[in-house]
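Undergrad: sharing a sequence plus its predicted fold:
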Amino acid sequence: MTKETTPVRLSDYRAPDYAIDTVSLDFSLAPTATQVTAQLAMRPNTPGAPLVLDGDEVKLIAISINEEYIPSSAYEATPQQLTIKAPPREPFTLEIVTEINPKANTKLMGLYLSNGNYCTQCEAEGFRRITYFLDRPDVLAVYTTRIEASKAAAPVLLSNGNRIDGGDIPGTTRHFAVWHDPFPKPSYLFAAVAGDLGLVEDSFTTMSGREVALHIYCEHGKEARCAYAMDALKRSMRWDETAFGREYDLDIFMIVAVSDFNMGAMENKGLNVFNDKYVLADPDIATDADYAGIETVIAHEYFHNWTGDRITCRDWFQLCLKEGLTVFRDQEFSSDERSRGVKRIADVRTLLARQFPEDAGPLAHPVRPEVYSEINNFYTATVYDKGAEVIRMLKAILGEDGFRAGMDLYFERHDGQAVTIEDFLASFADATGKDLSQFKLWYSQAGTPEVTAEGRYDARRQTYSLSLKQSIPPTPGQQTKSPMHIPVRFGLVGPNGADLAFTSATGGGVEDDVIHLTEAAQTIVFEGVSAPPVPSLLRGFSAPVKIATGLSQTDQLFLLRTDADAFNRWRASQQIAIQTLIAETAAVRSGAQSKLDPAFVDALAEVAEDDSLEPAFRAQILQLPGEADIAREIGHDVDPAAIAGARKRLMAMVASRIGKRLAELAERTGNVGDYSPDAASAGRRALANAALALTVGQAAPEAIGRVVARFESADNMTDRLAALSILASNGFEERIAALETFQDRYRDDPLGLDKWLMLEAVVPLETTLDRVKALTTHPAFSLTNPNRIRALIGGFAGSNQTQFNRPDGAGYDFFADFVLDLDKRNPQTAARLLVSFRSWKALEAGRRALAEKALRRIAASDSLSSDTRDIVTRTLA
Ligand code: TRP
Ligand code: ZN
């Protein structure tokens, strides 16, 4: 049966009727019947109000108030709710005993078993699956947790805070531990872990000289694979001190790696729980991208200690308060640790690939949503990644010092509180004296703003006038919008490639190198411009907008070769490639001759071979837009087969024109020596592998042979996977044997097998659908492990444009069946997968009808979870 979910609205927020000052939890662990005793020190804010506690699939065993059992007429209990009709008007102690079944918990929310180990996931609303509670982020309490379990099955017992007691329980085979967390926190940050786990230990001395123990727990035998995560953790701790003045606050910081996890990781106070793919690494199982991902996620969760834990959200509408800000912080950390320019390109790629389509489709929502029916579905690219862009713009507008002053004031004012976006912005307004009321629209207006630019040079007057216009497309529930404050970082590039000076600028609130676009239309007049410039706009992607510069291909090629801003050099290359590919797609569709222009291809080779540029940057230039990028830019009446055809033609031209040069480049950059995951060596590998990928477009046996040789001789996962990926994603025959070798090599390694499943799923051939279907019953696959599911099914629906979007609709049908089945076990993961349909309305009519049919079939099921119901309803609306 479908639970009827009433939408929750931001405007309906009410402070809780009761506060909970302390929570004392006692877990008696057993796989199918765990007993939880919760003692809550309750304080009425509204004396006499009924006390309504949240629950979810919990069984009530006993309930007492001030140590006296209360009659059953005094309360009402369902698995979803516990209501105490007339609680005491003075502070009181409420004790609740519940029973839960971790083994049957396939949703992976609340207390569950992963590989025989107990772990919890409470964000957003999982704590109510452990005990009845005021399960909302504005109820902050101090927790003491006692865990008792079989000593043999669970030698390790962990919870938040510091360990204050523990030992054997005499006369039994059980033992216990008691943990105390002195920092008040909401229930979503609670965690408990119990099991038989390996441990890696280290320590960190904070800036004020306190010694903090660092523990990483993992599956036995995998300890050596935790070294990089530990290193990233220590670097994160140091960086937060230097960059933000934030010091760690408990005596111990723990990370637990588990193999069954719905998302990336979770910032529980002092006890982060991680999807093991964001902890475990060695050169044989992890790629350079995996190492970078580990560094990012470790930092992200650690940084939440201040932005999320010490200061949390008043309600879930404020999610970007902690997520957007923490993503911004982890991006800045990685930029400082690696190459800032290359990191920015990588982050913008992600934003364009994930957030832009979301903002352009039926699931569009503001960075701070105003209504939801299932909060699990709002952990989105918009909240996280656009949320981070909003912080980045805030910094661009306030400047380095103003931004830091605002952050300092925010930490000082709100430590220990659950706050809102208004509170956050007020800290910046008060610290800098700036009016941020127009800027605040970024939080409430969905949709990607569209900016157009038109420039005119007057040689006689030596003036350059630049007209900028902005508009914001309608999104679900928002038809008309107001102009936003868009910071446009810019340069006027002169004929020799250097930025031209100007004596004054009027009409655009120009400060240094930033135009403040705040009106629907603005014309900026630059005086004293000595030569006709090519404008380089939105440098560093200073705002998450689409920009139409109207520049000719010649001007774009000029920027690609000369722009002082590396980001805009990359943008120019992508822009030219996209325009070329859009035109070529139209040609393929109408059966016309190829329209490809070799000038761009020659420029690519030139940049790739320029040794004065960072290899990692050159690798980014060589990574041509993928089929999904092209589809996104086309935006309507999308024909994935034609796009793939156009891309193939471009790849063929690249291979025939510059393939030899790129093969040589790959040869001379590819041998980096002994593997090390540092950014510089990773950059050289990336360049070599990107170059290699562009040599096979004519499917020449010699070129394919080179890739096979690279696969066979690789001594690390990065090169091995890069070569295998070239074979698989081009559908070459040679992939079959190589995939087999790869699978065999990693037969006992689930994280290695995920890579194999993913590559099987992206082969762009008609046979792939049957292959994917067959693999769902392969012993390496698992219908309960989210990583396996995301690799195979997520890989197919998300990264195989032609086969998911087969013209016969069989890709959609298989996918819909899979989601319907998965929804019964793990609704959160099912709903996330289903987001693969977010751009169905942009498809050409035939596929659109078939996608709609599959979606309607899902919607017609009368047993959907609230997660999947919400996504399917909004996707179809
Ligand atoms: N707060 C976590 C983060 O961003 C992510 C998260 C939210 C999560 N909900 C979750 C993780 C549910 C696992 C399961 O770091
Ligand atoms: Zn987060």
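TA: Yes, it's here. Numbering: from 1, shown residues only. Ligands and ions are numbered 1, 2, ... in the order given.
Undergrad: which residues touch the residue of the chain found nearest ligand 1?
TA: Using Cβ to the nearest ligand atom, Met263 is the residue of the chain that sits closest to ligand 1, at 3.3 Å. Glycine gets a C-beta too; all of them are placed from N, C-alpha and C. Taking Cβ atoms under 8 Å, 6 or more residues apart in numbering as the contact definition, Met263 lies against 275, 379.
Undergrad: next one: stretch 751-762 to chain centre, how far?
TA: Here stretch 751-762 shows a centroid-to-chain-centroid distance of 20 Å under the convention Cα atoms, centre = their mean, to the nearest Å.
Undergrad: then it to PDB, C-alphas only?
TA: The C-alpha trace of stretch 751-762 is given here as PDB (Å, rounded to 0.1, in the frame of the first residue of the first chain):
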ATOM      1  CA  LEU A 751      35.100  -2.600  -5.700                       C
ATOM      2  CA  GLY A 752      37.100  -3.900  -8.700                       C
ATOM      3  CA  LEU A 753      34.000  -5.800  -9.900                       C
ATOM      4  CA  ASP A 754      32.000  -2.600  -9.800                       C
ATOM      5  CA  LYS A 755      34.300  -1.200 -12.400                       C
ATOM      6  CA  TRP A 756      33.800  -4.300 -14.600                       C
ATOM      7  CA  LEU A 757      30.000  -4.200 -14.200                       C
ATOM      8  CA  MET A 758      30.000  -0.500 -15.200                       C
ATOM      9  CA  LEU A 759      32.000  -1.100 -18.300                       C
ATOM     10  CA  GLU A 760      29.900  -4.100 -19.300                       C
ATOM     11  CA  ALA A 761      26.900  -1.700 -19.100                       C
ATOM     12  CA  VAL A 762      28.300   1.100 -21.200                       C
END
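Undergrad: for the record, mean pLDDT for it?
TA: The predicted model assigns stretch 751-762 a mean pLDDT of 98.
Undergrad: ok so, going back, need the three-state assignment for the residue of the chain closest to ligand 1.
TA: coil (DSSP: H, G, I helix; E, B strand; the rest coil).
Undergrad: before we move on, what about Pro184?
TA: Assigned with three-state DSSP, Pro184 falls in the strand class.
Undergrad: which residues touch it?
TA: Pro184 is in contact with 140-142, 416, counting by Cβ under 8 Å, 6+ apart.
Undergrad: show me what the longest helix along the chain is packed against.
TA: Taking residue count as the measure and DSSP state H as the definition, the longest helix of the chain comes out as helix 640-670. Other elements packing on helix 640-670 under the criterion 3 or more Cβ pairs under 8 Å, 6 or more residues apart in numbering; DSSP states H and E are helix 566-590, helix 598-608, helix 627-634, helix 679-693, helix 701-713, helix 801-804.
Undergrad: what residues of that helix count as buried?
TA: 640-655, 657-659, 661-663, 665-666, 669-670 (16 or more other Cβ atoms under 10 Å).
Undergrad: cool, stretch 33-51 as well?
TA: Of the residues in stretch 33-51, those buried by neighbour count under the rule 16+ other Cβ under 10 Å are 34-42, 44, 51.
Undergrad: any idea how far apart the tips of it sit?
TA: Taking Cα to Cα, to the nearest Å, stretch 33-51 runs 27 Å from one end to the other.
Undergrad: pLDDT of that stretch, averaged?
TA: For stretch 33-51, the mean per-residue pLDDT is 98.
Undergrad: how far away is the closest residue to Ala652 other than its chain neighbours from Ala641?
TA: With Cβ to Cβ, 6 or more residues apart in numbering as the criterion, Ala652 has its nearest non-adjacent residue at 4.3 Å, and that residue is Gly697. Relative to Ala641, Gly697 is positioned 18 Å away (criterion: Cβ to Cβ, to the nearest Å).
Undergrad: elements contacting the helix or strand that contains Ser335?
TA: Per DSSP states H and E: Ser335 is located in helix 319-337. Packed against helix 319-337, as judged by 3+ Cβ pairs under 8 Å, 6+ apart, are the following elements: helix 227-244, helix 288-303, strand 312-313, helix 340-350, helix 387-414, helix 421-432.
Undergrad: now render the ones you listed as TSV, adding mean neighbour count.
TA: Compiled in TSV, these are given as follows (neighbours: other Cβ atoms under 10 Å):
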stretch	mean neighbour count
helix 227-244	19
helix 288-303	24
strand 312-313	24
helix 340-350	19
helix 387-414	19
helix 421-432	19
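Undergrad: can you redo the ones you listed as JSON lines with mean pLDDT and distance to Glu358?
TA: Output for those, formatted as JSON lines (pLDDT from 0 to 100; distance: least, Cβ to Cβ, whole Å):
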{"stretch": "helix 227-244", "mean pLDDT": "99", "distance to Glu358": "28"}
{"stretch": "helix 288-303", "mean pLDDT": "98", "distance to Glu358": "20"}
{"stretch": "strand 312-313", "mean pLDDT": "99", "distance to Glu358": "21"}
{"stretch": "helix 340-350", "mean pLDDT": "98", "distance to Glu358": "12"}
{"stretch": "helix 387-414", "mean pLDDT": "98", "distance to Glu358": "12"}
{"stretch": "helix 421-432", "mean pLDDT": "99", "distance to Glu358": "20"}
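Undergrad: got these as a markdown table, with distance to Ile61 columns?
TA: Formatted as a markdown table, the helices and strands packed on helix 319-337 follow (distance: least, Cβ to Cβ, whole Å):
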| stretch | distance to Ile61 |
| --- | --- |
| helix 227-244 | 39 |
| helix 288-303 | 34 |
| strand 312-313 | 30 |
| helix 340-350 | 47 |
| helix 387-414 | 38 |
| helix 421-432 | 40 |
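Undergrad: just tell me which of the ones you listed ends up closest to ligand 2.
TA: Ranking these by proximity to ligand 2 (Cβ to the ion) places helix 288-303 first, at 5.5 Å.
Undergrad: quick one: that closest one near ligand 2?
TA: No - contact of helix 288-303 with ligand 2 (Cβ under 5 Å from the ion) is absent, the minimum separation being 5.5 Å.
Undergrad: what helix or strand is Leu94 located in?
TA: strand 92-100.
Undergrad: surely Ser866 meets Glu374?
TA: Yes - with contact defined as Cβ atoms under 8 Å, Ser866 counts as touching Glu374 (4.8 Å).
Undergrad: what do those two both touch?
TA: When Cβ under 8 Å, 6+ apart defines a contact, the residues bordering Ser866 and Glu374 alike are Thr5.
Undergrad: more neighbours: these two, which one.
TA: For Ser866 and Glu374, the more surrounded residue by other Cβ atoms under 10 Å is Glu374, and the numbers stand at 22 against 18.
Undergrad: not counting sequence-adjacent ones, nearest residue to that one?
TA: For Glu374, ignoring the flanking residues on the chain, the nearest one in space by Cβ to Cβ, 6+ apart is Asp870 at 4.3 Å.
Undergrad: packing partners for whichever strand or helix holds that neighbour?
TA: Asp870 is located in helix 866-876, with elements delineated by DSSP H and E. Contact analysis of helix 866-876 by 3+ Cβ pairs under 8 Å, 6+ apart lists helix 810-825, helix 827-834, helix 845-860 as its packing neighbours.
Undergrad: would you mind finding the most buried of these?
TA: Between these, the one whose residues have the most neighbours on average, counting mean count of other Cβ atoms under 10 Å, is helix 827-834 (a mean of 25).
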